[in-house]
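1. have a look; sequence and predicted model below, questions after that.
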2 protein chains.
Amino acid sequence: MSKVPSEEGIRALDEFQLEAIALFVRAASMLSLPRSVAQIYGLLFTTPEPLCLDEITIRLGISRGSAFDGLRWLRELGAVDSVFLPGVRKEHFRAEFQLRKLATGFLRNQIQPHVDNGTEHLKRLKETIDPASQDADFYRDRLQQINGWHRFFSKALPVIRALAAKPHFRLPRKAARS
Amino acid sequence: MSKVPSEEGIRALDEFQLEAIALFVRAASMLSLPRSVAQIYGLLFTTPEPLCLDEITIRLGISRGSAFDGLRWLRELGAVDSVFLPGVRKEHFRAEFQLRKLATGFLRNQIQPHVDNGTEHLKRLKETIDPASQDADFYRDRLQQINGWHRFFSKALPVIRALAAKPHFRLPRKAARS
DNA sequence: CCTTTCATTCATTTTGTCTTGAATAAACCG
DNA sequence: CGGTTTATTCAAGACAAAATGAATGAAAGG
């Protein structure tokens, strides 16, 4: 009957979902993340059951490609889990929402690499200082400044991770719908 | 003699400056900030004397418009100071580089507004829950989740500010060139 | 005033990123 | 195996953000 994904049995987004997705989109724009990523996460976050790729494209009105890329990104971050339902071929997805996991994934994927890379660049920067130059002292001072920032970030990341892990910031358990 | 900014007496960037600017550009890309902003900051950071707009455009090879916008952005953040030299008409700029100031400015301008705005959106989101809906409980649960994140950020920002302010992360004083 | 210099704006062009959708590959099924 | 469904890639197009530079405005100097 249906070769192409159809909308049969797919209910439209309700007001809560729309508003929540909008909220995620706003938050994502703060981090300059693609709208589609935020939409996908928002949809999964506000949907009790795991959804497959086609359902996502239909409900959000985005293309397969976007949905696929967005899901891959979210999975790599750990913000989305794939779920295999017995007897169902399609991969299904649901939102992960422990702050600890989200923060850890984001730091690991988006921040840490830059900080690590910075270490290397700092070494190179140091070597560009010509001791004979009349600016050598000034440059050494600036290099130290950058080094200080770099150390700060190296130390701050674990602190942030720890903050996010504090149960204090999690919710009191509430009955979850099955 | 010169109606148009010329390169008279403007020495080219040396290796240290080029490398440092590249480093700032990389860092900026992590935050999705425009390249020109990073270039300007990098140039000022690695230049002992304050520079005026024209010197910046010449040394970096960017347009007046970019330089102006970039400087405005950096000034609003507090990452750049303008300096008025006696007997000199042109406004001159120099980099501010206390981590405390940079972090404070960035959080104030780029993050805080989003968090504040979030408060409002959360209120609206709450009102979209239809108590009659069969998803009402589920949605309330999710709303609590987002509330938790929001509280986390509200609390985390001051902590980060405090971290950045720790003298521990600043450098031992070194003689600065006048 | 009038002129000159410097600061600022903004319509246009350029650049880079996101999205799309058709093509391809892989997995599954009988 | 063929046939079919599902997953993934990727070149082309759409879009948004940034950069440009000429035009305008403001301030200073004489």
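-> Looks like it arrived, so ask away. Treat the numbers as computed from the prediction; the structure is a model and nothing was measured.
2. let me know the outermost residue of chain A.
-> A:Ala132 (46.5 Å; Cα atoms, centre = their mean).
3. which strands or helices does the lowest-mean-pLDDT helix or strand in chain A pack on?
-> Least confident helix or strand of chain A, by mean pLDDT, DSSP states H and E, is helix A:136-165 with a mean of 93. If contacts are counted by 3 or more Cβ pairs under 8 Å, 6 or more residues apart in numbering or on different chains; DSSP states H and E, helix A:136-165 sits against helix A:99-106, helix A:112-127, helix B:15-30, helix B:99-106, helix B:136-165. To be clear about C-beta, it is placed using only N, CA and C from the backbone, and glycine gets the same treatment.
4. who wins for proximity to DNA strand D among those?
-> Smallest distance to DNA strand D across the helices and strands packed on helix A:136-165 (Cβ to the nearest atom of the strand): 9.4 Å, for helix B:15-30.
5. list the buried residues for stretch A:56-75?
-> Burial within stretch A:56-75, assessed by neighbour count using 16 or more other Cβ atoms under 10 Å in any protein chain shown, is assigned to A:Ile56, A:Thr57, A:Ile58, A:Arg59, A:Leu60, A:Ile62, A:Ser66, A:Ala67, A:Gly70, A:Leu71, A:Trp73, A:Leu74.
6. near DNA strand C, which of those show up?
-> A:Ile62, A:Ser66, A:Gly70 (Cβ under 7 Å from any atom of the strand).
7. surely the last one meets A:Ala28?
-> It stands for A:Gly70. No: at 10.5 Å, A:Gly70 does not count as touching A:Ala28 under the criterion of Cβ atoms under 8 Å.
8. pull the number of nearby residues for A:Tyr139.
-> By other Cβ atoms under 10 Å in any protein chain shown, the residues close to A:Tyr139 number 23.
9. cool, and A:Lys123?
-> Using other Cβ under 10 Å, the number of residues around A:Lys123 comes to 9.
10. that one and B:Glu19, how far apart?
-> Applying Cβ to Cβ, to the nearest Å, the value for A:Lys123 to B:Glu19 is 11 Å.
11. now do A:Gly105
-> Taken as Cβ to Cβ, the span from A:Gly105 to B:Glu19 is 31 Å.
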